[in-house]
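Let's see this in three dimensions:
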Amino acid sequence: MTYKAIIFDLDGTLVNSIYDIADAMNTVLKQRNYPTFDYDTYKTFVGHGVKRLIEEAIPQNHLSDTLVNACLSEMMHTYSESCTNKTKPYDGILSLLNSLHDQGVKLSVLSNKEDTLTKKVVRALLPQCLNPVLGLKEEALKKPNPKVALQICSALNVTPEETIYVGDSNVDMQTAKRANMKAVGVSWGFRDKKELVEAGADYILHKPMDLLKIL
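The predicted structure is shown next:
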């Protein structure tokens, strides 16, 4: 099979964003005198969108739609101002993206991070060869729903079978499988190899340039 396109997850795959995400959420929690969490714990909270992150972080005995929505507004404001403070591409990512672009592979990003913030992080930290760059606009379209991934294929004029989906979580592997794409997990992200394998990963990358071997 000749692969013509690669869709990347963002957080935990292309960039290590856990510090900025955790710092912003902890700021929201501190303002309400709620317990905060360390960076490793936040790695288990992320991947399902910011609303789910908030539902995981706030005390369960306080959980309500009103509180979640209020914290969502506060989190979006706080994180939007700090989303590139500590966030950096993982080692080897920039070289990988440039190599793939030079080979004529079409490159895209699909994230469960809110769309505006996804675009902001990519624009600030990654090469401009990624297009389209899409984040979450509607909760119903959140990964592992494959609809947006399939829309990206149509926009790039490739088939799902010609497309690799690269991510760091079971959500990403499930998205790839539901879209009939090759599922590639990364070992440097927010989840472990066991989760990726159990979710159906066809390959596990241990360093970014390993992706070239699959091509």
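
what helices or strands is the longest strand that the chain contains leaning on?
Looking across the chain with DSSP state E, the single longest strand is strand 106-114. Judged by 3 or more CB pairs under 8 Å, 6 or more residues apart in numbering; DSSP states H and E, the packing partners of strand 106-114 are strand 5-8, helix 93-102, helix 115-125, strand 130-136, helix 147-156. Quick note: C-beta positions are derived from backbone N, CA and C, even for glycine.

pLDDT wise, what is residue 115 at?
If you check residue 115, the pLDDT there is 96.

In this structure it contacts residue 132, no?
No: using CB atoms under 8 Å, residue 115 is not in contact with residue 132; the gap is 10.5 Å.

shared neighbours of those two, anything?
With contacts defined as CB atoms under 8 Å, 6 or more residues apart in numbering, no residue is adjacent to both residue 115 and residue 132.

coming back round to it: could you tell me the angle between the longest strand of the chain and strand 130-136?
20 degrees (axes from the mean of the first three to the mean of the last three CA atoms, to 10 degrees).

Within its sheet, name the partner strands of strand 106-114 and how each one runs.
Strand 106-114 pairs in its sheet with strand 5-8 (parallel), strand 130-136 (parallel), by DSSP bridges.

For the nearest residue to residue 57 once chain neighbours are set aside, which three-state class applies?
Excluding the flanking residues, the one nearest residue 57 by CB to CB, 6 or more residues apart in numbering is residue 25, at 5.5 Å. Classification of residue 25 by DSSP: H, G, I helix; E, B strand; the rest coil places it in helix.

Break this structure into its domains for me.
Domain ranges of the chain: 5-16+88-214, 18-80, per automatic domain parsing.

hey, which of those domains is tucked in deepest?
Counting by mean count of other CB atoms under 10 Å, domain 5-16+88-214 has the highest mean neighbour count of the domains of the chain, with a mean of 19.

how long is it end to end?
Across domain 5-16+88-214, the terminal residues are separated by 12 Å (CA to CA, to the nearest Å).

any idea what sits nearest residue 85, other than its immediate chain neighbours?
residue 20 (5.4 Å).

check contacts around the one you found.
Contacts of residue 20 (CB under 8 Å, 6+ apart): 79, 82-87.

let's go with 10 Å and repeat that
By CB atoms under 10 Å, 6 or more residues apart in numbering, the contact list for residue 20 reads 11, 78-79, 82-88, 121.

Return the member of those residues nearest to residue 215.
Taking CB to CB as the measure, residue 215 lies nearest residue 11 of these, at 23.7 Å.
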